[in-house]
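**Student:** 3D, please:
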Amino acid sequence: MMLKMTWIHRCALALAFLSCLALPTVQAQPAASAASAPVVSVAPTLATDAPLPDVESLRNQFERLPATAVGNEAVSALLSSYAALNSDATRIIAARSGELKDLNARLGELGAAPVAGSTEDPDIKRQRLTLTRDRNAVDADIKLARLIVVDTQQRSEALRARERDLFAAQLTDRASSPLGSAFWSELSQAWPGDRSRLEPLADELQAAGTRLATPEHRGAVLLALALALLAITVGDLLAERGLARLARRFLPGGRLRRSLLVISIVAVNMVVVALALQGFLQTIQERAGFGPLSGKLVALVDDSVLYIVFVTSLGRALLANARPSWRLPPLSDAQALRLSAFPWLVAMVGVMVWVPTQVATIVQLSTAAVHASQATTAIALVLLIAATLKRLHMPEQPKENAAEPSGPRPLWQGLLLGLVALALVGVVLLVAIGYMSVASLLAMQLAWAGLVGISFYVLFKFADDLFMAIVSSRSSVGQRLQKSFGFAPATLDQAAVVLSALSRVLLFLYMLIALGTQLGTRPDEVLQRSDRISAGLTIGEFQIKPAAIFSALAVLIGGFVALRVFQRWMRERYLPTTTMEPGMQSSLSTLLNYAGVVLVVAAGMSAMGIGINRIAWIASALSVGIGFGLQAIVQNFISGLILLAERPVKVGDWVILGTTEGDIKRINVRATEIQLGDRSTVIVPNSEFITKTVRNMTLTSTEGRVLIRLPMPLATDAKLVRELMLAACRAHPGVLEAPEPSLSLEGIENGSLIFQAIAYVASPRMASGVRSDLLFTILDDFKNANLPLAVPTMMMASPPATPAGGSDASR
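**Tutor:** Prediction:
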């Protein structure tokens, strides 16, 4: 039997998925439906604190339920009963498992039973027997409840499989072609019987109209109708304008305002119309006294109006002809104006092809009538889709001073349009040869896929706009994050892109579920598929759970924010109050940051369900790669940790490593940055500081030494030289008083006296500047005292003279 969904189900599903469009489902129904099998309905327990049912009563209820049912209502009721039993059994398992655990723990406290022949305290023996009996009873209840869960799942799957088989069998059913006379002859022959089936419905409607027209009911019905129409028209208009004003006032200008406004308009319009219709229908149902057939038809009115409001409100919000600057899709003003009537057209066509089919189902019309309804549905939807595509891709009218036309259409758009056109032709051919069920299903699937695509287009835009408005560095919130936590703009932009991508992946999974709702899927099956996705997708031994993914993201975001706050507090508040040097403070802050990152990542992986054992397997797998190609990286990483822990060098030290001399600016995980005298930076691997000789000019002492060696002639007054050099050293403000400057006469080299002065300054970085100042002062003092410096001895070597007659001697 063909499965179907009502408009209220579709709208509920669309709102559940945050979809923004819906299309009615028109599916073939058999000419006559057998009487529904008796169903024992078991209402599902919604309250979590409700008393647990008895396992035996659940088993008896399951045994009384039939294995199969005929008819949509009977199948739906039977599946609901199975679901209720499954839920109660699951509650029993969850509750009694805790009891079983407690009983096992109490038995464990008593210890093992004594061996045969030994004695035991009677109280302990009695307690052990009581606990064992209770444990066995609880264990039996759990096993029986698990058996009920398995049985209900098996019967539900078998029932759904039978429905799918019937659905597939009806799809292959071929009727007479509408192009031949046989089709119309069958329809004409079936008309008297169909008219007789329609008469009870017409009589019920006529009787209900007569009762509503009486004076005692007429006023209340007209008042309820007026209030409903007022809410649907004026209420929707005021709600839409109010939402636009609120968006202008409270939402920042940008894309988020547009996408959020579209969703808000659809949701508010649906709520207003639902409340208005609920009041009106409750009034007429209380006063009209509808029969079983007319009551179902009146329910169709509610569903149809909800569907019309759902589609038209979304269409108006997307086209935004009253607010072109707020338009979400990339449509020109001319295209939006051409499509302004299509939301109403889509809604009306959907209702017109759906209501007759539902009436045929209610009164159980003939197979010929059902085939005629299917053919009408397929052709109407084909014409609607073709007209929409033609109006959407109609060429723009050329204008003066118009911009250059846009580039060629993307390849995927061309392929998609080609496939749609081919499918439309296929629908027409299927109708022509008599496969009405396949044709109507294919046409509805095309329309449903298009509307679902538009719906999730809005959701994709909203997800991207939301994270860009909240996390991006260009947003106000992102700028506050930069100021409060010191996040780099690039980091925030990357986080916004990643979060947007993850949300789109999750929406894509739900879009696939929504696309499958047309293919004979019941609303409860759709929700079950959603629950399965929420429960997790198993890939091998790893299970992906959307909830776990979002939990891991929350843990990572919260952990890194807390880590940044803690690091900032350590660096700016706590460490400056200690006696540690600035370099030690920087090294300790970096080391704590590395440890914090490891802890946050481990917590995030644990939130995703990746335990320590899986991390160990990953580490084992990485060890192979480390053994082949990551030795240097690991070596530098370990060396960096050693540098941070032992601190042979620290940030701010003046080091000499080979030919590299400069100040250490930063010690990273893999390498250390050294700033040279010309302000350039040399990046040195950390292993170089561990395996090679490093000269640290500022490791043990912060003082620097100034050494000046000057050669003087042998006839120089040595005491005067000593006084002048020491006076120059003591007079310089950069020279320390303790240790005081000293001067020594080292000896005679190459006929000159060698005087050496030693002075100390506060830092080695001052030594070169102070030495230069002292040389200028000393040379001036020597010049004023007529003390010349020694001139280096120049030795000239001349070649030996050639003896006379050298040529003869050579001979």
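
**Student:** For residue 623, give me the pLDDT.
**Tutor:** Note for residue 623: predicted pLDDT of 63.

**Student:** Equivalent analysis for residue 774, please.
**Tutor:** On the pLDDT scale, residue 774 gets 92.

**Student:** OK, contacts around it?
**Tutor:** The contact partners of residue 774, by CB atoms under 8 Å, 6 or more residues apart in numbering, come to 706, 708, 728-729, 732, 735, 757, 759. C-betas here are computed from N, CA, C, even on glycine.

**Student:** immediately after the helix or strand harbouring residue 707, which helix or strand?
**Tutor:** Residue 707 is part of strand 704-713, with elements assigned from DSSP states H and E. Sequence order places helix 718-731 as the next helix or strand after strand 704-713, per DSSP H and E.

**Student:** just the helices in the stretch 701-811 of the chain please.
**Tutor:** Using DSSP state H, counting those that start in this stretch, the helices of the stretch 701-811 of the chain run over 718-731, 767-784, 806-810.

**Student:** For these, give me a markdown table that also has distance to residue 334.
**Tutor:** Below are the helices of the stretch 701-811 of the chain laid out as a markdown table (distance: least, CB to CB, whole Å):
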| stretch | distance to residue 334 |
| --- | --- |
| helix 718-731 | 88 |
| helix 767-784 | 75 |
| helix 806-810 | 110 |
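
**Student:** closest to residue 144 out of these?
**Tutor:** Proximity to residue 144 (CB to CB) singles out helix 767-784 among these, at 89.4 Å.

**Student:** thinking again about what came up before, could you give the angle of the strand holding residue 707 to helix 718-731?
**Tutor:** Interaxial angle, strand 704-713 versus helix 718-731 (axes from the mean of the first three to the mean of the last three CA atoms, to 10 degrees): 150 degrees.

**Student:** heads up, I number from 33, so please use that
**Tutor:** In the new numbering, first residue 33, that becomes strand 736-745.

**Student:** partners of strand 736-745, with directions?
**Tutor:** strand 784-793 (antiparallel) (DSSP bridges).

**Student:** hmm, back to that, determine which of the helices of the stretch 733-843 of the chain approaches residue 107 most closely.
**Tutor:** Comparison of the helices of the stretch 733-843 of the chain against residue 107 by CB to CB identifies helix 799-816 as nearest, at 93.6 Å.

**Student:** Okay, buried residues for that closest one please.
**Tutor:** Of all the residues in helix 799-816, those buried under the rule 16 or more other CB atoms under 10 Å are 799, 802-803, 806, 809-810, 813-814.

**Student:** Could you check how far the strand holding residue 739 is from the centre of its chain?
**Tutor:** Averaged C-alpha coordinates place strand 736-745 at 70 Å from its chain's average position (CA atoms, centre = their mean, to the nearest Å).

**Student:** any idea of the angle that strand forms with helix 799-816?
**Tutor:** 30 degrees.

**Student:** Using PDB, write down the CA coordinates of strand 736-745.
**Tutor:** What follows is strand 736-745, C-alpha atoms only, in PDB (Å, rounded to 0.1, in the frame of the first residue of the first chain):
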ATOM      1  CA  GLY A 736      80.300  43.200  30.700                       C
ATOM      2  CA  ARG A 737      84.100  43.700  30.500                       C
ATOM      3  CA  VAL A 738      85.900  46.500  28.500                       C
ATOM      4  CA  LEU A 739      89.400  45.600  27.400                       C
ATOM      5  CA  ILE A 740      91.800  48.200  25.900                       C
ATOM      6  CA  ARG A 741      95.400  47.400  24.800                       C
ATOM      7  CA  LEU A 742      97.600  50.200  23.600                       C
ATOM      8  CA  PRO A 743     101.300  50.000  22.400                       C
ATOM      9  CA  MET A 744     103.500  53.000  23.500                       C
ATOM     10  CA  PRO A 745     107.200  53.800  22.700                       C
END
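
**Student:** since we're on residue 269, how many residues are nearby?
**Tutor:** By other CB atoms under 10 Å, 11 other residues sit near residue 269.

**Student:** Looks to me like it is in a strand.
**Tutor:** No - checked against DSSP: H, G, I helix; E, B strand; the rest coil, residue 269 lies outside a strand; its state is helix.

**Student:** now the contacts of residue 806 in TSV, with pLDDT, neighbour count and distance to residue 303?
**Tutor:** Shown next, in TSV, are the contacts of residue 806 (pLDDT from 0 to 100; neighbours: other CB atoms under 10 Å; distance: CB to CB, whole Å):
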residue	pLDDT	neighbour count	distance to residue 303
738	89	25	85
740	90	18	90
760	91	24	92
761	92	24	90
764	91	15	85
767	90	20	85
789	91	22	92
791	91	27	87
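
**Student:** Closest one of these to residue 581?
**Tutor:** Nearest member of the contacts of residue 806 to residue 581, counting by CB to CB, is residue 738, at 64.2 Å.

**Student:** Quick check: bridge partners of that closest one?
**Tutor:** residue 791.

**Student:** Wait, it touches residue 793, no?
**Tutor:** Yes - at 6.1 Å, residue 738 counts as touching residue 793 under the criterion of CB atoms under 8 Å.

**Student:** quick one: common contacting residues for those two?
**Tutor:** 767, 799, 802.

**Student:** which regions of the stretch 733-843 of the chain sit below the pLDDT cut-off?
**Tutor:** Counting by pLDDT under 70, the stretch 733-843 of the chain shows low-confidence ranges at 733-734, 824-843.

**Student:** Revised request: answer the last question for the stretch 383-532 of the chain.
**Tutor:** Low-confidence segments of the stretch 383-532 of the chain, defined by pLDDT under 70: 426-442.

**Student:** make it 80
**Tutor:** 383-394, 396, 423-446, 483, 507-510, 513-520, 523 (pLDDT under 80).

**Student:** Ok, the stretch 133-282 of the chain next?
**Tutor:** 140-157, 192-206, 264-265, 267-269, 272, 276, 279-282.

**Student:** Do you have the helices of it handy? List them.
**Tutor:** Under DSSP H, counting those that start in this stretch, the stretch 133-282 of the chain gives helices at 154-203, 213-244, 247-262, 268-282.

**Student:** Residue 490 is nearest to which of those?
**Tutor:** helix 268-282 (15.0 Å).

**Student:** who's in contact with that closest one?
**Tutor:** Against helix 268-282 from outside (CB under 8 Å, 6+ apart): 289, 292-293, 296-297, 300-301, 304-305, 341, 345, 348-349, 355, 358.

**Student:** what about stretch 334-350, distance to the chain center?
**Tutor:** 29 Å.

**Student:** Just the CA atoms of it, as CSV, please.
**Tutor:** C-alpha atoms of stretch 334-350 as CSV (Å, rounded to 0.1, in the frame of the first residue of the first chain):
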residue,chain,number,x,y,z
ASP,A,334,-6.1,23.2,7.8
ASP,A,335,-3.2,21.4,6.3
SER,A,336,-3.7,23.1,2.9
VAL,A,337,-3.8,26.6,4.4
LEU,A,338,-0.7,25.9,6.4
TYR,A,339,1.1,24.7,3.3
ILE,A,340,0.1,27.8,1.3
VAL,A,341,1.3,30.1,4.1
PHE,A,342,4.5,28.1,4.4
VAL,A,343,5.4,28.4,0.8
THR,A,344,4.2,31.9,0.1
SER,A,345,5.9,33.4,3.2
LEU,A,346,9.2,31.9,2.2
GLY,A,347,8.8,32.9,-1.4
ARG,A,348,8.1,36.5,-0.5
ALA,A,349,11.0,36.6,2.0
LEU,A,350,13.4,35.2,-0.6
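
**Student:** pLDDT (mean, whole number) over the helix or strand encompassing residue 630?
**Tutor:** Secondary structure from DSSP H and E places residue 630 in helix 614-639. Averaged over helix 614-639, pLDDT sits at 76.
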